[in-house]
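Asks: curious how this folds, go ahead:
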Amino acid sequence: MMFLLVPLLLCAFPPSAAEGRLRQFYIMKQRSNNTSAAQSLCRVNYTDLVTIYDQQDNIKLQQLLNSSSFQQGWIGAYRGNYSLKWSNGDDVTYSRYSPSYSDQTRCAALNANGDWESILCNETKHFMCYEQDGDGGTTYNYLLIPQNKNWSDAQLYCRENHTDLVSIRNEEENTLVKNNGTQSNTAFWIGLLNDNVNWRDGGPSAYRNWFQEFEQSRPNAFMRLTDGRWTRADINNNYPLCYKSFIHVSPAEMSWEDAMNYCSSQFSGALCLESENDQTETQRELNRNNISAPVWVGLRQSRLFGFWMWINGLQVRNWTNWKGGKAPEAALSQHCAAMEKVNGRYTLTDKDCRSTFRVVCEKN
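Replies: Prediction:
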């Protein structure tokens, strides 16, 4: 297995406040000469070796490295089997991809026939981004970008200016993407990546930041202090770069009311989504733990007034990803909310409060 070394970005033991409320980065001040030992230290003290999900994570880690006395450290990437991955973390439930080389890193481009071509990711092409409706619904707007970029640069452009490179979950979406890309004279990038990089904690990250001059078949890698690029090297004696998740999913199922009591007695309370970052981090945590069944969260509807409210008093914001695109109305609602996976993406949905599911709690 190939593990990545990242220049140690955390000075001393304090966490970085930049990662978000539900995930923080830490550095262990104890060297490990292999990734198994590094992972053991992270799991004993925090959650796991860090997974890098996007450019923002990479920049934060590089900034933390610059402020520390350490030069590099282990992160949780390793070389495993080749597999298909969507840029936004969606499950690959539909595919028209026939890789020409199953043992090479390739990316998918959609052609005029709606088929997906297997192409080296460093080639430059037009690309398709998507945006989610502002009401948090399940309708997506597709945008063909008539600029020539390699796959990684196209991914970065879509994430900075829209939501991400487009993912396709069924034949209907494939047709919509094809029809929205008719202005491109050649096949254009979609968000599908085929490579052999996986993450030790099971995180579904398709973000890559390799320094191209280095051979990717080498067993281990580290992030360079100078530019944050990842390069590969032999095993070294380095510090583990860890993260801590402040999300807990109960092992047992229970009613919504019992779930709220469980979280408040054992942890700081049931999960409340205070921002889009909270929503993203929760989806990542559920994804990496392969949880697709409904899980309770701290959201309930007022039976008297009909509005939905988080148990910490916060209102439900317009970015909240409801199943069907909007919050259920009072007369038709079942009054308690859970998150569940629908077509590969997590959404909020109303459930009978007496139903029994696992619950997502916030840890101190």
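Asks: and the closest residue to residue 208 other than its chain neighbours, how many neighbours?
Replies: Leaving aside its chain neighbours, residue 208 sits nearest to residue 152 (6.1 Å; criterion: Cβ to Cβ, 6 or more residues apart in numbering). To be clear about C-beta, it is placed using only N, CA and C from the backbone, and glycine gets the same treatment. If you count neighbours by other Cβ atoms under 10 Å, residue 152 ends up with 20.
Asks: element containing residue 152, please.
Replies: In the assignment (DSSP states H and E), residue 152 maps to helix 151-161.
Asks: I'd like to know which elements the helix or strand just after that helix is packed against.
Replies: On the C-terminal side of helix 151-161, the closest following helix or strand by DSSP H and E is strand 164-165. Contacts defined by 3 or more Cβ pairs under 8 Å, 6 or more residues apart in numbering; DSSP states H and E place strand 164-165 against strand 125-132, helix 151-161, strand 188-199.
Asks: minimum distance to residue 60: which of these has it?
Replies: Relative to residue 60, the nearest member of the helices and strands packed on strand 164-165 by Cβ to Cβ is helix 151-161, separated by 14.9 Å.
Asks: pull the distance from that closest one to the chain's centre.
Replies: Computed by Cα atoms, centre = their mean, to the nearest Å, the separation of helix 151-161 from the middle of its chain amounts to 15 Å.
Asks: can you check stretch 86-105 too?
Replies: The chain centre lies 17 Å from the centre of stretch 86-105; the measure is Cα atoms, centre = their mean.
Asks: now it - C-alpha only, CSV.
Replies: Extracted in CSV, the C-alpha atoms of stretch 86-105 (Å, rounded to 0.1, in the frame of the first residue of the first chain):
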residue,chain,number,x,y,z
TRP,A,86,-16.9,10.8,-8.9
SER,A,87,-15.3,14.1,-8.1
ASN,A,88,-18.1,15.1,-5.7
GLY,A,89,-18.0,11.8,-3.8
ASP,A,90,-21.2,10.4,-5.3
ASP,A,91,-21.5,6.6,-5.5
VAL,A,92,-20.8,5.3,-9.0
THR,A,93,-24.2,3.7,-9.6
TYR,A,94,-24.3,4.2,-13.4
SER,A,95,-21.5,4.1,-15.9
ARG,A,96,-20.9,4.2,-19.6
TYR,A,97,-17.2,4.0,-19.1
SER,A,98,-15.0,1.4,-20.7
PRO,A,99,-11.4,2.0,-19.7
SER,A,100,-8.9,1.4,-22.4
TYR,A,101,-6.2,0.9,-19.7
SER,A,102,-7.4,-0.4,-16.4
ASP,A,103,-4.0,-0.1,-14.8
GLN,A,104,-3.5,3.6,-15.7
THR,A,105,-4.9,6.7,-14.2
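Asks: same question for that stretch, mean pLDDT?
Replies: The average pLDDT within stretch 86-105 is 84.
Asks: okay, buried residues for stretch 154-162 please.
Replies: By neighbour count with 16 or more other Cβ atoms under 10 Å, stretch 154-162 contains the buried residues 154, 155, 156, 157, 158, 159, 162.
Asks: give the contact list for the fourth one.
Replies: Remark: with contacts taken as Cβ atoms under 8 Å, 6 or more residues apart in numbering, residue 157 is in contact with 127, 129, 145, 147, 149.
Asks: from residue 189, how far out is it?
Replies: 10 Å (Cβ to Cβ, to the nearest Å).
Asks: strands of the stretch 201-350 of the chain, start to end?
Replies: 220-223, 230-233, 239-245, 247-249, 269-270, 295-301, 308-310, 335-342, 345-352 (DSSP state E, counting those that start in this stretch).
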